[in-house]
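**Student:** everything below, folded, please.
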Amino acid sequence: MSATPYNPYNWKFLLLTQVWLVAISIILSYFPQYYIEALAIYFVVFLGISFSIQYKTNPMFRDRKLLAEVANSRVIYEEKDVTKIVQADAELQREYMEAAKKNLSMMGIYVVYIIALFIAYGYLVRFADSFPGTYGRLLVYLVYFEALYLVGYFMFRKILRPTMMSVMAPTSYSVTEKGIYSKKGYSTFLHAKHLVDSKIDVNKEKHYVEIDSTSTKLPYKIRLYAPDVDRLMEYIERVKRLELKRQSSSQQQKSEGANT
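**Tutor:** Numbering: from 1, shown residues only. Modelled structure (predicted):
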């Protein structure tokens, strides 16, 4: 399993953002002296909800017990550095470069977007202050922030959304009796109970074994490079056999317990 980004436009963030837009518009219209305090409170709440969602959706947090089982189990196979083999895969390197270019371009657009927001905000404040009543200023701020949210939604969906690699290819990894995990570079691990139902493809020409999820609820695709993929597959099959044996033993114990 690997870490994947969460969607900042799900219903929780949508509700939080709408409450924030109304609140900040009211504060700017009626209590502008408390703007900094309101902004600080928003960021604290935002970070709290972000961490909560990340904790529930990121396997590295959610399934940390499974990760501990894999990492603490006996290592039966290890590749300390397969960087050269990974770099020899022209197709994977091309995908890396395309993703890097898109993300770099995204960052440039994002910087320009932030600068434009700062400039526009100065004009917004002067325009809102030109209204004699607070209701007029409130309407201006509401329209501005809602428009800003819609623009942000479009930019995230079409322009600023990070480009993720379709496959995780760690340059070092270990195969233990409980699964597979990468020590560095990638937030990647795979417990044996998920490995059992995975689709496994072997590419001897490019020296890799690709493990693909068969469940949409737990999507992942891990590519393990090795000088000898046949030897790697022997250990992966060994892990699967051990897990099937554990599952069979566990089911047998449950059946015996139910009968007593």
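**Student:** going forward, measure contacts between C-alpha atoms and count neighbours the same way
**Tutor:** OK.
**Student:** what strand or helix carries the residue nearest to residue 129 when sequence neighbours are not counted?
**Tutor:** Spatial nearest neighbour of residue 129, excluding adjacent residues (C-alpha to C-alpha, 6 or more residues apart in numbering): residue 137 at 6.7 Å. Using DSSP states H and E, residue 137 sits within helix 134-155.
**Student:** picking up where we left off before, can you count the residues close to the residue nearest to residue 129?
**Tutor:** By other C-alpha atoms under 10 Å, the residues close to residue 137 number 23.
**Student:** go on, the one 4 residues further on?
**Tutor:** Counted by other C-alpha under 10 Å, the residues lying close to residue 141 total 24.
**Student:** flag every buried residue along stretch 204-217.
**Tutor:** By neighbour count, with 16 or more other C-alpha atoms under 10 Å as the criterion, the buried positions of stretch 204-217 are 206-213.
**Student:** and the closest residue to residue 138 other than its chain neighbours, helix, strand or coil?
**Tutor:** Excluding the flanking residues, the one nearest residue 138 by C-alpha to C-alpha, 6+ apart is residue 29, at 5.4 Å. When classified by DSSP: H, G, I helix; E, B strand; the rest coil, residue 29 comes out as helix.
**Student:** I'd guessed residue 29 sits against residue 139; true?
**Tutor:** No: the pair residue 29 / residue 139 is not scored as a contact, 9.1 Å apart, by C-alpha atoms under 8 Å.
**Student:** look at these two and report which has more neighbours.
**Tutor:** Shown here are residue 29 and residue 139; by other C-alpha under 10 Å, residue 29 has more neighbours (21 against 14).
**Student:** and the very next helix or strand once past the helix holding residue 137, what does it pack onto?
**Tutor:** For helix 134-155, the following helix or strand on the C-terminal side (DSSP H and E) is strand 173-176. If contacts are counted by 3 or more C-alpha pairs under 8 Å, 6 or more residues apart in numbering; DSSP states H and E, strand 173-176 sits against strand 75-79, strand 179-181, helix 229-259.
**Student:** mind redoing it with 6 Å?
**Tutor:** Helices and strands touching strand 173-176, as assessed by 3 or more C-alpha pairs under 6 Å, 6 or more residues apart in numbering; DSSP states H and E, comprise strand 75-79, strand 179-181.
**Student:** what angle separates the first one from helix 229-259?
**Tutor:** Which is strand 75-79. Counting by axes from the mean of the first three to the mean of the last three C-alpha atoms, to 10 degrees, strand 75-79 lies at 150 degrees to helix 229-259.
**Student:** which other helices and strands contact strand 75-79?
**Tutor:** Applying 3+ C-alpha pairs under 6 Å, 6+ apart, we find strand 75-79 packed against strand 173-176.
**Student:** please work out the average pLDDT along the strand it packs on.
**Tutor:** For strand 173-176, the mean per-residue pLDDT is 94.
**Student:** just to be sure, residue 86 is in a strand?
**Tutor:** No: according to three-state DSSP, residue 86 belongs to no strand; its state is helix.
**Student:** heads up, I number from 727, so please use that
**Tutor:** Renumbered: residue one is now 727, and that last one reads residue 812.
**Student:** now for the nearest residue to it once chain neighbours are set aside, how many residues are close by?
**Tutor:** In this structure, residue 812 finds its nearest non-sequential neighbour in residue 951, 6.6 Å apart by C-alpha to C-alpha, 6+ apart. Counted with other C-alpha under 10 Å, residues neighbouring residue 951 total 28.
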